[in-house]
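Q: Sequence unavailable; structure follows:
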Ligand SMILES: Nc1ncnc2c1ncn2[C@@H]1O[C@H](COP(=O)(O)OP(=O)(O)OP(=O)(O)O)[C@@H](O)[C@H]1O
Ligand SMILES: [Mg+2]
């Protein structure tokens, strides 16, 4: 039984880790508090599930879900940079609008995907033909490939000139402007990329758990932040390579702790959001963690000051 | 080459804190000028540089660089022609990035948004050669995060970044003011060397009258948003610190006199 719980935790850690990588982009790279997350995660699920139920190829549906997240991030970015609404409020506005939009897309609060083709059922039916393939570990293997694939792509991107510009935008916007970079543009690109990953994760999760639910986004941001903080505290941030790996491991550790707490019956599922918030609060008030998060809080976003905003949540 | 025409700037318009810094300031910088700028606190020196770089928009007036009106050009586009070093060593570099990553941003100043690798062997060789010109040992620390450097090392790095691609105009705002005397001297010598070697047109704000006299070919004194002295060549060479101080105190005296008038009313 424990083996199964561990397997499930790692699977979840990896697939939600993709979402956490999105959160990492805004909170750690752009140093900007983006709350679009709670809307873009179910957006991905809603778009993928609706398209799949409508008969669309699940791979294509997942890709469209990713694009929809990019658009959500784009809107938050434009609200922040063009309409000059604070990063925090821009995200909340998009997130709130997305709640209605997601319901419109889905047409009802819950779409089951049982007996529908998903990217996993398609892969499974191919793998079944390989004799002796350990299907039990299919999700683990797939999520390892996808999550680390995303991680390595993100690492590569952050080591291009554009990546340098993105990092400098969060680190010191005045400096990077005086090096000829339009920080409004980099900010919008970063928010778009982040929410694209988050919606992508939402689409995967919907297919993995077999349904999309309009309320599945609640608390996503806090779960993402918890993963980022745990990873950062345990593995540090010596380089981009390590920081992004830390996010995935942080996510696995976060999901494992939750499973542990639940299977030991220390709490029930409905307590989890409270527990996670408490973990994040402790992390944010513990001095070492605070240093980690507050560093360079000058931030790229208008009215940033990450630590302040996180505490304001 | 750089012309400012009728620049006016008021901060906090229509509030109790309204602060008129410039009113119809005009001023011309010639190609190859190395101008040192002195003046009391609040004279408007930093604001002048900020208006030139585009960090602050003037309320009215025109800024013409090489015959092109750049008054409406956003800061990040002007940055292609303008190099800057700030007083605060924290402002010029990206602390969580390494020395070589920072230098890479400066090297590709006009095309930073591309998907080419930020670093490669050639760039790293180039950066090493740049850094080995200054006796700070930075050439061995390319992979060190800038947050670990001292203020002087950061200013030296920022200066290299600002001039790596020859700017049309270089703006230095008290860039050695927060450094210890020895490091300040080093960065100052480096500044003179780079400017001379590349013939960079430069505006340098300083509170050090000795530097202001010794460096550059032209000296400007500002007071209350006006240029009250503009000397160059022989006239500048003939000027000494006591004379400059005299002039400086006159302005302060004028201020006292004004205060007295105010009180008398
Ligand atoms: N962003 C701003 N908002 C409001 N007022 C400002 C701003 N920047 C400068 N000022 C005001 O403009 C005036 C000129 O300031 P400035 O910084 O240009 O002076 P300075 O000559 O550089 O002085 P210092 O030698 O102290 O650096 C000051 O009264 C200052 O308070
Ligand atoms: Mg100043």
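A: Good, I have the coordinates. Predicted model only: the values in this text are computed from it and were never measured. Numbering: from 1, shown residues only, chains lettered A, B, ... in the order given. Ligands and ions are numbered 1, 2, ... in the order given.

Q: Tell me what the residue sitting nearest the centre point of chain B is bridged to.
A: When Cα atoms, centre = their mean is applied to chain B, the residue found nearest the centroid is residue B:172 (1.9 Å). Following DSSP bridges, residue B:172 is listed with bridge partners residue B:85, residue B:204.

Q: Would you mind listing the residues in contact with it?
A: Counting by Cβ atoms under 8 Å, 6 or more residues apart in numbering or on different chains, residue B:172 makes contact with B:84-85, B:191, B:202-205. The C-beta positions use only the backbone N, C-alpha and C, and glycine is treated the same way.

Q: and which of those residues is nearest to ligand 1?
A: residue B:205 (6.6 Å; Cβ to the nearest ligand atom).

Q: how about the helices in the chain?
A: Using chain A here. Ranges of helices in chain A, per DSSP state H, are A:2-24, A:37-53, A:58-81, A:87-106, A:119-127, A:138-158, A:161-171, A:173-177, A:183-209, A:220-235, A:240-263, A:272-285, A:287-294, A:306-312.

Q: you looked at the wrong chain, it should be chain B
A: B:45-53, B:75-78, B:99-107, B:121-131, B:151-164, B:181-198, B:209-214, B:233-238, B:241-264.

Q: would you turn the ones you listed into a markdown table with distance to chain A and mean pLDDT?
A: Shown next, in a markdown table, are these (distance: least, Cβ to the nearest Cβ, whole Å; pLDDT from 0 to 100):
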| stretch | distance to chain A | mean pLDDT |
| --- | --- | --- |
| helix B:45-53 | 7 | 96 |
| helix B:75-78 | 5 | 93 |
| helix B:99-107 | 5 | 95 |
| helix B:121-131 | 11 | 94 |
| helix B:151-164 | 7 | 93 |
| helix B:181-198 | 17 | 93 |
| helix B:209-214 | 23 | 90 |
| helix B:233-238 | 29 | 88 |
| helix B:241-264 | 30 | 67 |
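
Q: how close does the closest residue to ligand 1 within the stretch 151-300 of chain A get to chain B?
A: Taking Cβ to the nearest ligand atom as the measure, the point where the stretch 151-300 of chain A comes nearest ligand 1 is residue A:174, at 12.5 Å. Using Cβ to the nearest Cβ, to the nearest Å, residue A:174 is found at 6 Å from chain B.

Q: dump the residue contacts of the residue nearest to residue B:211 when sequence neighbours are not counted.
A: Among residues not flanking residue B:211 along the chain, residue B:188 sits closest, at 6.4 Å (Cβ to Cβ, 6 or more residues apart in numbering or on different chains). Going by Cβ under 8 Å, 6+ apart, residue B:188 touches B:176, B:211, B:215.

Q: Of these, which qualify as buried by neighbour count?
A: Among the contacts of residue B:188, those classed as buried by 16 or more other Cβ atoms under 10 Å in any protein chain shown are B:176, B:211, B:215.

Q: Return the closest of the contacts of residue B:172 with respect to residue B:157.
A: Using Cβ to Cβ, residue B:85 is the member of the contacts of residue B:172 that sits closest to residue B:157, with 9.8 Å.

Q: The closest one: what's it in contact with?
A: B:92, B:155, B:158-159, B:162, B:170-173, B:175.

Q: Which residues of the stretch 1-150 of chain B lie near chain A?
A: B:53, B:55, B:74-77, B:79-80, B:82-84, B:86, B:90-97, B:101-102, B:104-106, B:108-119, B:147 (Cβ under 8 Å from any Cβ of the partner chain).

Q: And for residue B:83, the neighbour number?
A: Residues lying near residue B:83 (other Cβ atoms under 10 Å in any protein chain shown) number 28.

Q: That one and residue B:173 touch, don't they?
A: No: counting by Cβ atoms under 8 Å, residue B:83 does not reach residue B:173; the two are 11.9 Å apart.

Q: shared neighbours of these two, which are they?
A: Counting by Cβ under 8 Å, 6+ apart, nothing touches both residue B:83 and residue B:173.

Q: What is the burial count for residue A:67?
A: When neighbours are counted by other Cβ under 10 Å, residue A:67 comes out with 15.

Q: Which residues are in contact with the closest residue to residue B:127 other than its chain neighbours?
A: The shortest distance from residue B:127 to any non-neighbouring residue, by Cβ to Cβ, 6+ apart, is to residue B:103 (4.7 Å). Listed by Cβ under 8 Å, 6+ apart, the contact partners of residue B:103 are B:123, B:127, B:130, B:157, B:160-161, B:164.

Q: May I ask which two of these are separated the most?
A: Farthest-apart pair in the contacts of residue B:103 is B:123 and B:157; separation 15.2 Å (Cβ to Cβ).

Q: Which one's more surrounded, these two?
A: Counted by other Cβ under 10 Å, residue B:123 and residue B:157 do not tie: residue B:157 has more neighbours, with 25 against 16.

Q: what ranges of the stretch 51-200 of chain A fall below the confidence cut-off?
A: Applying pLDDT under 70 to the stretch 51-200 of chain A picks out no residues at all.

Q: Can you name the residues of it that neighbour ligand 1?
A: For the stretch 51-200 of chain A, the contact set with ligand 1 under Cβ under 6 Å from any ligand atom is empty.

Q: Residues of the stretch 151-300 of chain A that sit close to chain B?
A: A:157, A:159-165, A:167-168, A:171-172, A:174-183, A:185-186, A:237, A:295-296.

Q: how many other residues sit next to residue 168?
A: If you meant another chain, say so; for now it's chain A. Other residues lying near residue A:168 total 28 when counted by other Cβ under 10 Å.

Q: That was the other one, I meant chain B.
A: Residue B:168 sits with 16 neighbouring residues when counted by other Cβ under 10 Å.

Q: Kindly list the main-chain dihedrals of it?
A: Main-chain dihedrals, residue B:168, degrees, to the nearest 10: phi -70, psi -30.

Q: residues in contact with residue B:149?
A: So residue B:149 contacts B:99, B:138, B:157 (Cβ under 8 Å, 6+ apart).
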